[in-house]
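Predicted structure and sequence below. I'll ask about it afterward.
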Amino acid sequence: MKINLRAVLYVLTLFVCTQAFGQTLDIRGRVLDAQTKEAISFATVAVVGSSHSTYTDDNGNFNLVISDSKSTVRVSYVGYISQDLAISPKNTNFQILLQSENVIEEVVVKKPRLKYSNKNNPAVELIRQVIAHRDSNRMAGQEFVQYEQYEKISLGLSNLTSTFKNKKIFKKYQFLFKKDSESTEDKYILPAYIEEKVSKIYYRKDPQKTKQYILAEQRAEFDPKFVDNNGISNYFNKLYEHIDIYDNDITLLTNQFLSPIANSAPTFYRFYITDTIKTAAQELVELSFFPRNKADLLFQGKLYITLDGQYAVQEVKMEVNEDINLNFVRDLQIELAFARDNRNKYYLNKSSLGIDFALTEKGKGIRGNRIVYYKDYISGKQQPDSIYAGEAVVKMPLPAVEESNESYWANLRFEPLSPEEQNIYRNIDSLQLMSSFRRIMDIGSLVLAGYKQAGPVEIGPVNTFYSYNPVEGFRLRVGGRTTDVLSTRFYSEAYAAYGFLDQKWKYFLSGTYSLNNKSIYTFPQHYIRASFQRDTKIPGQNLEFVQEDNIFLSLKRGENESYLYNDIYRVDYKVEFKNNFSVAAGLSKWKQQPAGVLKYKLPGIEGGMPSFVHDLHTTEASVGLRWAPHEEYYQGKSYRKPFFNKYPIFTLNYTAGIKGFLDGQYSYHNLNAGVFKRVYLSQFGYADVNLDGAYILGSNLPFPLLTIHRANQTYAYQLQSYNLMNFLEFVSDHHAALNVQYYMNGFLLNKIPLLKRLQLREVFSVKGVYGGLRRENNPSYNDDVFAWQTNSKGEVSSFTFGTEPYMEASVGLSNIFKILRIDMVKRLNYLDHPSVSEWGLRARVKFDF
């Protein structure tokens, strides 16, 4: 009865509003060129005398809801004669054929030049004017700006045939497939993701601050047991970034493309004046541009420039050349439209970015679009300082109505969703309820993340189930952990392993309590953890994103018989803040025993017999700080995969050894700091730069308590390790290190005929570390510390630094078969150390666009 009463009230309200304000009409149509019958995108469809308007999409389609059938709706586009629509309740669907205007000014076509030149080139002179006026035309050139913004990202499988659609495996999923309106063939698409956001933006030039108030946002979400929905959103937003034509470099697909109006654009682009257009409102020049080298990360397309003295960009249509050195991208289209604001300046009022990903030119792919609409753009209106205070992005509290309520969103959107987009939300919800789909996600999680779902627990990671090392021999391991299905507060993780050579069991057990009632694998983390681990370890190894017992790292070069047996009791606390600043603190009790050829040997006094230490006990308290401004990442099952940006990442860690507490045998203080920065170099690629250093205070400290520099004896190229350094080769109590990885993105190879067709990319690296041991910690001067290590041949195999830093460099090719990087690494010094290699060939799997 209650539901019926609500329905009656809704109908009565709708009737009253209709009678009071006139009949609401949903106007739909398609805008085409009258001569060519080609779709006209970005055409304006507006209610005359109001600000209510929309734009046609890439196929010329539009949708506009009006409240009065007596309103005049006008369709207009630069270079075409505007057309008014005859609207009535029975006439709401239109096909509009726009006639091209007569061009008042024409371009005189001369014989093409034998050689393109910037000198005495009117097109280049024009683009130089655009560059010169760039700062005054962009938003950053205004004192104050405010506007509303609606953005939408949608993705789906594309280029699907009816044969593929009708396969038996998709019998239960036919409701997902939709006819592809953009294809002239019998093709289908499978819409799979959508994300929407409505914001209010305020910009202030001095002091500079952009403040975004998110009024509403929603997205299609998958089961968080299988997918990090926040990570997917971060990734898609990283791929489909905001396009600012006035920036020197436009970041797309994790790469930087040079803008056609960048300072150096005339060096990398060819420009041609291809048309002039004069309308009643303005005079424009159509400026076509092309990359001088088709393989470089550049655009091609058309700019429409105003000739009112502002030399502003009024419209942009651009794409990438089919020969570009860009992976997995079949098509990329960008369209930008600008309009005049209250101060006669041009502002961006719609942007569209479409990317079609595919492995082959004609195969199946993933098509995505990011469309952003802007309205109520006001320049020069000053706001109180309180508007700009606080964090740059603030999510506003929602009204009483649910955020996902369709009628609520229908009023918020600047343009209605297409029928295909409307279905995505309900389709994803329906998929979560299908057992067959959940099995597919479960298998995908096992293959990609290494974990198998088993009710409230996950079994894995599977790549550690089998491995080999010379101390344990063949090693089998099985483990798992609980999920938030069991509890959102308490999490447990454990594994057991057995080595068939040393015939010893190893195991790990931890319990974690979430202090914010959120999963400990999601941001922001806030938890306390207690754990115990009995296992083997290579001294100095601290691998990134993999475990030491990973099967793929079992094959190593040279001697690899120095291991530790560890018993580690730990209590850890960690808290992350919304500004990506985190604090970690811990207390540990560590018992370590040498294994293999590793010996803890104390030299005999005055030539006496040496003694051997069976185990070493330490108690450590630690605190770590990390700050990663604007960091985004995908949260995997075991690790976070960061999406690097232009901001540095800072780390600072302090560890104190406590003698006499929990059997601790040594007192010391270890302070280390590091900074990472990705440096973008426009057309010359980018460089990842790591700087770090450490200083350890304390006397008579054995080498296991000092810095054992990270070596790599596998055949995989490791970014953070020294790839031709041996395990335990260098030890120090103070050091500074530099690691530079330079990715040139094919800038040189793209210029070499024939070779450029392979789309290979250059990569260079240089790594260096320098430090030393004070006399009180150096076995060469102090008999109270453990002696230098020796290998199986009795040769001294561990050292500290001499008069020069350890250095290695590499030259490599990446993008081999689009996924492989191979480096030729050269060790530059300390070649007199035993069992070292001067040269080495290393490989790394690297997926890049």
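Nice, I can see it. Numbers count the residues shown, from 1 in each chain.

Tell me which helix or strand in this protein has the weakest average pLDDT.
Evaluated with mean pLDDT, DSSP states H and E, the helix-and-strand set of the chain has its lowest mean pLDDT in helix 2-21, which scores a mean of 36.

centroid residue for this structure?
Nearest to the mean C-alpha position of the chain, counting by Cα atoms, centre = their mean, stands Phe643 at 3.2 Å.

Could you pull out the strands in the stretch 51-200 of the chain for me?
53-55, 61-66, 73-76, 83-85, 93-98, 144-161, 178-179, 187-204 (DSSP state E, counting those that start in this stretch).

relative to strand 144-161, how tilted is the last one?
Same thing as strand 187-204. Inter-element angle recorded for strand 187-204 and strand 144-161: 170 degrees (by axes from the mean of the first three to the mean of the last three Cα atoms, to 10 degrees).

Quick one: mean pLDDT over the helix or strand just after strand 187-204.
Along the chain past strand 187-204, the next helix or strand (assigned with DSSP states H and E) turns out to be strand 209-219. When pLDDT is averaged over strand 209-219, the result is 93.

outside of strand 209-219, which residues touch it?
Residues external to strand 209-219 that are found in contact with it (Cβ atoms under 8 Å, 6 or more residues apart in numbering): 193-204, 229, 233, 387-388, 390, 392-396, 398, 403-404, 408-409, 412, 425. All C-beta spots, glycine's among them, are computed from the backbone N, C-alpha and C.

who's Ile214 bridged to?
Listed by DSSP bridges, the beta-bridge partners for Ile214 are Ser199, Lys395.

so how far is Lys345 from the nearest residue to Tyr203 once chain neighbours are set aside?
In space, not counting the residues next to it along the chain, Tyr203 is nearest to Val145; the distance is 4.2 Å by Cβ to Cβ, 6 or more residues apart in numbering. Here the distance between Val145 and Lys345 works out to 9 Å (Cβ to Cβ, to the nearest Å).

Find the residues that touch each one of those two.
Looking at what touches both Val145 and Lys345 (by Cβ under 8 Å, 6+ apart), the common residues are Ser379.

Please identify the buried residues of the host helix or strand of Ile27?
Using DSSP H and E, Ile27 maps to strand 25-33. Residues Leu25, Ile27, Gly29, Arg30, Val31, Leu32, Asp33 are the ones in strand 25-33 that count as buried (16 or more other Cβ atoms under 10 Å).

for stretch 762-775, same thing?
In terms of neighbour count (16+ other Cβ under 10 Å), stretch 762-775 has its buried residues at Glu762, Val763, Phe764, Ser765, Lys767, Gly768, Val769, Tyr770, Gly771, Gly772, Leu773, Arg774.

Find the nearest non-adjacent residue to Ile96, please.
Residue nearest to Ile96 in three dimensions, not counting chain neighbours: Val31, with 4.7 Å by Cβ to Cβ, 6+ apart.

so who does that neighbour touch?
Contact analysis of Val31 by Cβ under 8 Å, 6+ apart lists Ala39, Ile40, Ala43, Val45, Thr56, Gly60, Phe62, Val75, Tyr77, Ile96, Leu98.

what about the third one, how many neighbours?
The one in question is Ala43. For Ala43, the tally of surrounding residues (other Cβ atoms under 10 Å) stands at 25.

Show me the shaky parts of the stretch 201-350 of the chain.
When residues are selected by pLDDT under 70, those of the stretch 201-350 of the chain lie in 280.

swap in the stretch 601-750 of the chain?
Segments of the stretch 601-750 of the chain classed as low confidence (criterion: pLDDT under 70) are 604-608, 638.

List the beta-bridge partners for Val623.
Partner residues in beta bridges with Val623: Ala585, Tyr654, with DSSP bridges as the criterion.

ok, now how distant is it from Asp692?
Val623 is 17 Å from Asp692, by Cβ to Cβ.

So which of the two has more stuff around it?
Counted by other Cβ under 10 Å, Val623 and Asp692 do not tie: Asp692 has more neighbours, with 17 against 14.

That one sits in which helix or strand?
Mapping Asp692 onto the secondary structure by DSSP H and E places it in strand 686-697.

and that strand, how far out from the chain's middle?
What separates the centre of strand 686-697 from the centre of its chain is 23 Å, taken as Cα atoms, centre = their mean, to the nearest Å.

Name the residues of that strand that are buried.
Neighbour counts over strand 686-697 (16+ other Cβ under 10 Å) mark Tyr686, Ala687, Asp688, Val689, Asn690, Asp692, Gly693, Ala694, Tyr695, Ile696 as buried.

Export those to CSV and append columns for distance to Ala843.
Supplementary listing: these in CSV, determined by distance: Cβ to Cβ, whole Å:
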residue, distance to Ala843
Tyr686, 21
Ala687, 21
Asp688, 19
Val689, 23
Asn690, 21
Asp692, 25
Gly693, 30
Ala694, 30
Tyr695, 35
Ile696, 35
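
Which pair in those has the greatest spatial separation?
The largest separation in the buried residues of strand 686-697, counting by Cβ to Cβ, is between Tyr686 and Ile696 at 33.6 Å.

one step back: including secondary structure and distance to Gln665, could the buried residues of stretch 762-775 go into TSV?
Formatted as TSV, the entries for these read as follows, by DSSP: H, G, I helix; E, B strand; the rest coil; distance: Cβ to Cβ, whole Å:
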residue	secondary structure	distance to Gln665
Glu762	strand	50
Val763	strand	45
Phe764	strand	45
Ser765	strand	39
Lys767	strand	34
Gly768	strand	34
Val769	strand	28
Tyr770	strand	30
Gly771	strand	24
Gly772	strand	24
Leu773	coil	19
Arg774	coil	19
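
so Tyr408 sits in a helix?
Yes: counting by DSSP: H, G, I helix; E, B strand; the rest coil, Tyr408 is located in a helix.

That one: neighbour count?
Counted with other Cβ under 10 Å, the neighbours of Tyr408 add up to 15.

Right, I'll call it a day here.
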